[in-house]
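1. Have a look; sequence and predicted model below, questions after that.
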Amino acid sequence: MNTEVHELTALQEWQERVATCRREREESDEEAWQRLAHWYDAWVQHNDYVELILPRLLRHAGSTARVLEIGPGSGAFTLPLASAVREVVAVEPSPTMRQVLACNLARAGVTNVHIIPRRVEEGLDKIDGSFDLALASHSLYNVEAIDAVVRGLVRLARHVVILMGTGEQRKWYQTLHRRFKGKERIPSPHFRHFYALLLEMGIYADVEIIWTSANYVYDSEEELVEWWARHFHLDESHREELRSALLQVAEWRGDHIGIYDRRRTALVWIDAERSLFYTGST
């Protein structure tokens, strides 16, 4: 009897994690984007990751630079980048996100951002020219063809920067998830899976681990409860139980109530001139 066990490749492990997370979800991609589109603007206002990471990006993106952004969302990085560079090309698949992004760009008077309405897996081959910088900020977790996307980004840009969670689980969130979903949360693929994939592809990237805030802040207790009720897909019968659980981890700071936390984010930097050990043909 053949008892040989075949270990998964890094790509297979990533894809298996993506597939598992998709099976566990209770909403489609577009439903999730509709729920989160306007929330991103508030998230940026109460967190520090853009101000911590933007200066690192601008070192390689001067006034004449072209920047490719994957999954810009409502424009947390798009707007400040656009004010500093010649052009930003933003690949955003969600109609809801594109609408919010377009409104934010118009409100700021930004005219040098070109939005491509496609998934990154389908959009990279349609992009012309080269870029000084490509950025994917927490936008690749659901990409199954991750190897093809990485190759595409490296082909297009001199510098590729990818922000990704390190996979650490927040205890308060795990407790809430276990209580209201009745099971452990399966995290998306994260930095460990991604870096193993890069090595498997023959790409040696620089990595910086950065502590950033992870604050969920609301104007009222009712807004806090409503957001998490929608997040966990709970009906009215669970509302007061949820309220009680949230008030154990939330606190008032000034006029806002929130769950205040910190997390580690991996900044993965691929420099095409010195970090690539593959030909790009496989």
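-> Happy to help now that I have it. As the structure is a computational prediction, the values presented were derived from the model and not from experiment.

2. CA-only coordinates of the helix or strand bottoming out on mean pLDDT in the chain in CSV, if you can.
-> Least confident helix or strand of the chain, by mean pLDDT, DSSP states H and E, is helix 29-36 with a mean of 80. The C-alpha trace of helix 29-36 is given here as CSV (Å, rounded to 0.1, in the frame of the first residue of the first chain):
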residue,chain,number,x,y,z
ASP,A,29,-17.8,39.7,-2.7
GLU,A,30,-20.1,42.5,-3.9
GLU,A,31,-22.3,42.2,-0.9
ALA,A,32,-19.2,42.6,1.4
TRP,A,33,-18.0,45.6,-0.6
GLN,A,34,-21.4,47.3,-0.4
ARG,A,35,-21.3,46.8,3.4
LEU,A,36,-17.8,48.1,3.7
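
3. what packs against that helix?
-> helix 95-108 (3 or more C-beta pairs under 8 Å, 6 or more residues apart in numbering; DSSP states H and E). Every C-beta, even on glycine, is put in place using the N, C-alpha and C of the backbone.

4. cutoff 10 Å now
-> Packing partners of helix 29-36 (3 or more C-beta pairs under 10 Å, 6 or more residues apart in numbering; DSSP states H and E): helix 95-108, helix 221-231.

5. I'd like those laid out as CSV, including mean pLDDT and distance to Arg118.
-> Converted to CSV, the helices and strands packed on helix 29-36 look like this (pLDDT from 0 to 100; distance: least, C-beta to C-beta, whole Å):
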stretch, mean pLDDT, distance to Arg118
helix 95-108, 95, 11
helix 221-231, 95, 27
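
6. Please name whichever of these is nearest to Asp271.
-> helix 95-108 (28.2 Å; C-beta to C-beta).

7. Going by neighbour count, list what's buried in stretch 96-106.
-> 96-98, 100-102, 104-105 (16 or more other C-beta atoms under 10 Å).

8. any residues touching that stretch, and which ones?
-> With C-beta atoms under 10 Å, 6 or more residues apart in numbering as the test, stretch 96-106 has contacts from 30-41, 71-76, 78-79, 82, 88, 90, 92, 94, 110-113, 115-117.

9. Leaving out the residues flanking it, which one is nearest to Arg22?
-> Asn142 (7.5 Å; C-beta to C-beta, 6 or more residues apart in numbering).

10. repeat for Glu200
-> Ala10 (4.2 Å).

11. Neighbours of that neighbour, how many?
-> 20 (other C-beta atoms under 10 Å).

12. contacting residues around it?
-> By C-beta under 10 Å, 6+ apart, the residues touching Ala10 are 146-147, 192-201.

13. so Val85 makes contact with Thr64?
-> Yes - proximity of Val85 to Thr64 meets the contact threshold set by C-beta atoms under 10 Å, at 7.7 Å.

14. follow-up on the earlier one: double-check that the residue nearest to Arg22 belongs to a strand.
-> No - assigned with DSSP: H, G, I helix; E, B strand; the rest coil, Asn142 falls outside any strand and is coil.

15. and it, how far is that from Glu24?
-> Look at Asn142 and Glu24: by C-beta to C-beta, to the nearest Å, they are 12 Å apart.

16. the more surrounded of those two?
-> Asn142 (17 against 11).

17. nearest residue to Ala196 other than its sequence neighbours?
-> The nearest residue in space to Ala196 (C-beta to C-beta, 6+ apart) is Ala10, at 4.0 Å.

18. and if you look at Leu163?
-> Ser137 (4.4 Å).

19. need the contact list for that neighbour.
-> 49-50, 53, 57, 69-73, 76-78, 161-164, 265, 267.

20. cool, Lys181 as well?
-> So Lys181 contacts 24, 26, 232-234 (C-beta under 10 Å, 6+ apart).

21. where do the helices sit along the stretch 1-150 of the chain?
-> 10-24, 29-36, 39-45, 49-58, 78-82, 95-108, 120-123, 146-156 (DSSP state H, counting those that start in this stretch).

22. Now list the buried members of the contacts of stretch 96-106.
-> Using 16+ other C-beta under 10 Å, the buried ones in the contacts of stretch 96-106 are 32-33, 36-37, 39-40, 71-76, 78-79, 82, 88, 90, 92, 94, 110, 113, 115-116.

23. tell me the SS of Val217?
-> strand.

24. Test of understanding: give the bridge partners of the nearest residue in space to it that is not next to it in sequence.
-> Closest residue to Val217 apart from its sequence neighbours, by C-beta to C-beta, 6+ apart: Gly258 at 3.6 Å. When assigned by DSSP bridges, Gly258 has beta-bridge partners Val217, Glu251.
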